[in-house]
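[1] fold the following, please.
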Amino acid sequence: MYPTRTGINVFRLSRRTLLKAGPRVRRSEAFALQHIARHTSVPVPKILKYWPLPNGGCTMILEWFHEACTLEQRWKLIDDEARLKIAHQIRSFVEQIRCLPQPESIRGMVCAFDGSACWDERVKRQACGPFASERHFNDFRLGLLDCYTWEPGARRDIENIRSQLRDDHRIVLTHGDIGVRNILIDDHNNVVALIDWEMTGWMPEYWEYIKTVHGRWGKEDWLRLAREMVPPYDVEMEVDDQYIIINGGAPF
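    Sure, this is the predicted structure:
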């Protein structure tokens, strides 16, 4: 269904099942989905089976929601009231997963659900970490900018960003990719599933908001709705955008 160059491939197996496989598919996603299904009312795909691949990665067989469509498919067909209804449902799901306690063995760490290295395209294009704390996470990201320090004013700008970065946010479970393609709804605009949890992990509390608006600059309708879906963190967003501008250009 979605062969990609990113190491994640999705195949429709039957009316009610799909297969997700590739080097970027990780068991931590399966663990997270099972945990969320057991401890919250967040609608997530049921994991039917999963196993590791010999060259890394994982294969999962998941539930397919055959009578649902993505919010992207319905976006232009629904009005603001329906969009707000969907946003409020997402907000309740976000609050539920944020309330799940981080295991004591990885308390305070920034990492994947199971404590392994995290993968997030806004951090790095391959797995990195795990990080012992938010401070270590911040130091790692700032370290990725070292290659730009030869540019005039870059070191000053990097030091300015570091001075604005907090190291004391709550670390909460984060979906990491809430968007119109990952929200499945029915004909009555009820959310039937939140899908694509490959970037889920324990992240600073502001990260969900940053990722919900990630890549969607200029889409004012979505940006307004994102503030209803996820608690907004405008100061952190501004600082992270400064980081992105140095690390490759304009914000995503």
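[2] what's stretch 17-24 in contact with?
    With contacts defined as Cβ atoms under 8 Å, 6 or more residues apart in numbering, stretch 17-24 is touched by 1, 6-13, 48, 53, 55-64, 119, 198. (Glycine included, C-beta is placed from N, CA and C.)
[3] in the helix or strand bottoming out on mean pLDDT in the chain, what's buried?
    When the helices and strands of the chain are scored by mean pLDDT, DSSP states H and E, strand 124-128 comes last with a mean of 87. Residues of strand 124-128 classed as buried under the neighbour-count rule (16 or more other Cβ atoms under 10 Å) are Ala127, Cys128.
[4] thinking again about what came up before, any of the contacts of stretch 17-24 buried? List them.
    8-10, 57-64, 119, 198.
[5] domain-wise, how is the chain divided?
    9-63, 69-246 (automatic domain parsing).
[6] how far does the last one stretch from start to finish?
    In other words, domain 69-246. Counting by Cα to Cα, to the nearest Å, you get 38 Å between the two ends of domain 69-246.
[7] check the shortest one too.
    One end of domain 9-63 sits 15 Å from the other (Cα to Cα).
[8] please apply the same query to stretch 161-179.
    End-to-end distance (Cα to Cα), stretch 161-179: 27 Å.
[9] so which bits of that stretch are buried?
    Result for stretch 161-179 [16+ other Cβ under 10 Å]: buried residues Ile161, Leu165, His169, Ile171, Val172, Leu173, Thr174, His175, Gly176, Asp177, Ile178, Gly179.
[10] quick check: the second one vs Met203, distance?
    Using Cβ to Cβ, to the nearest Å, Leu165 is found at 14 Å from Met203.
[11] just Pro103 next, same as before
    Pro103 is 15 Å from Met203, by Cβ to Cβ.
[12] ditto for Ala32
    Applying Cβ to Cβ to Ala32 and Met203 gives a distance of 12 Å.
[13] so between those two, which is more surrounded?
    Neighbour totals were compared for Ala32 and Met203, and Met203 leads with 28 against 24 (other Cβ atoms under 10 Å).
[14] can you read off the pLDDT for the more buried one?
    Looking at Met203, its pLDDT is 98.
[15] again with Arg24
    pLDDT recorded at Arg24 is 86.
[16] now it: closest residue in space, sequence neighbours ignored.
    Using Cβ to Cβ, 6 or more residues apart in numbering and skipping the chain neighbours, the partner closest in space to Arg24 is Gly7 (3.3 Å).
[17] give the contact list for that neighbour.
    Gly22, Pro23, Arg24, Val25, Gly57.
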